[in-house]
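Asks: Need the 3D shape of this:
(chains A, B, C and D)
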Number of protein chains: 2
Amino acid sequence: MAIALRPSQALRLWQQVALHEVENGMPDLSTRQLSILFTIYLDPPPHTVRGLASRLSVSKPVITRALDTMGALDLVSRRRDDADRRNVLIGRTVAGALFVERFGDVVIAKAAELPT
Amino acid sequence: MAIALRPSQALRLWQQVALHEVENGMPDLSTRQLSILFTIYLDPPPHTVRGLASRLSVSKPVITRALDTMGALDLVSRRRDDADRRNVLIGRTVAGALFVERFGDVVIAKAAELPT
DNA sequence: ATTGAATGATACGGTCCCGTAACGATGTAG
DNA sequence: CTACATCGTTACGGGACCGTATCATTCAAT
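Replies: Below is the predicted model:
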């Protein structure tokens, strides 16, 4: 069944999750970076720079730079596509999977604490 | 009653909201900026630089810079405290209130679309 | 073999943000 | 009136990101 939220609940949830991330010193990712990261981990592969750029309606360098940064954080990986060596296949990492999983746990915990 | 979310729902919700913000060209705010913005609009005033820095466990310049950026976007306002002129009181703006309200609407809409 | 399209990365000038340290303005206590 | 504490901002060198344009590599078609 669908999840029904009231405005105050929706906003409070976002605030609590964001505050938790900041307080605990997690990487200060932007909305763009988060959307890329979650798409890689939630949508079925394969993921390419061009595909992600198209999905988010942003330019390719935006994706390349976000992958640079999140790759340095070991949240995503890149490898050449052997079938078509122009492509770069973007994959998951252990650290990235842990980050996403933990993020989900925070959302669940904060949602459970929401006042009625 | 509390909101119960499964892991896939929690993560999908964040992805859908983040994607919506990016696709629609909304300001690409970081987690820090979002936590500051939501705290200003959800928690009771007054809000000061020192108070926000303490609340988020970050340094004061982090708050000052975030207020610079979001102030340029007209999402928050600053004014001197007449009672104690060392303080700066951080307030809301019409544009900021609209942004927050619209953000809540997006969360509600994406939550309603979540598969069971 | 040559041309052309497609992919992802890079270069550029500019802006924003970082953490640390210092600063001016303001308030408070002796 | 003179210290001293507090508040928010600014300075600094460095890194990340922006949008636009261009690049090298690879593939596909002639």
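
Asks: Contact distance from DNA strand C - what residues of chain A qualify?
Replies: By Cβ under 7 Å from any atom of the strand, the part of chain A that sits against DNA strand C consists of A:28, A:48-51, A:60-61, A:63-65, A:67, A:78, A:86-88. Bear in mind the C-beta positions are built from the backbone N, C-alpha and C, glycine included.

Asks: So which of those residues reach DNA strand D?
Replies: A:Lys60, A:Pro61, A:Arg65, A:Arg86.

Asks: For the residues you listed, name the two members farthest from one another.
Replies: Among those, the pair separated by the greatest distance (Cβ to Cβ) is A:Arg65 and A:Arg86, at 19.3 Å.

Asks: okay, the two: which has more neighbours?
Replies: Between A:Arg65 and A:Arg86, counted using other Cβ atoms under 10 Å in any protein chain shown, A:Arg65 has the larger neighbour count: 13 against 8.

Asks: Quick check: that one is in a helix.
Replies: Yes: counting by DSSP: H, G, I helix; E, B strand; the rest coil, A:Arg65 is part of a helix.

Asks: What separation do you get for it and B:Gln15?
Replies: Summarising the geometry, the distance separating A:Arg65 from B:Gln15, computed by Cβ to Cβ, to the nearest Å, is 20 Å.

Asks: go on, A:Arg78?
Replies: 20 Å.

Asks: Which elements pack onto the helix ranked longest in chain A?
Replies: For chain A, the helix reaching the highest residue count under DSSP state H is reported as helix A:94-112. Judged by 3 or more Cβ pairs under 8 Å, 6 or more residues apart in numbering or on different chains; DSSP states H and E, the packing partners of helix A:94-112 are helix A:7-23, helix A:31-42, helix B:7-23.
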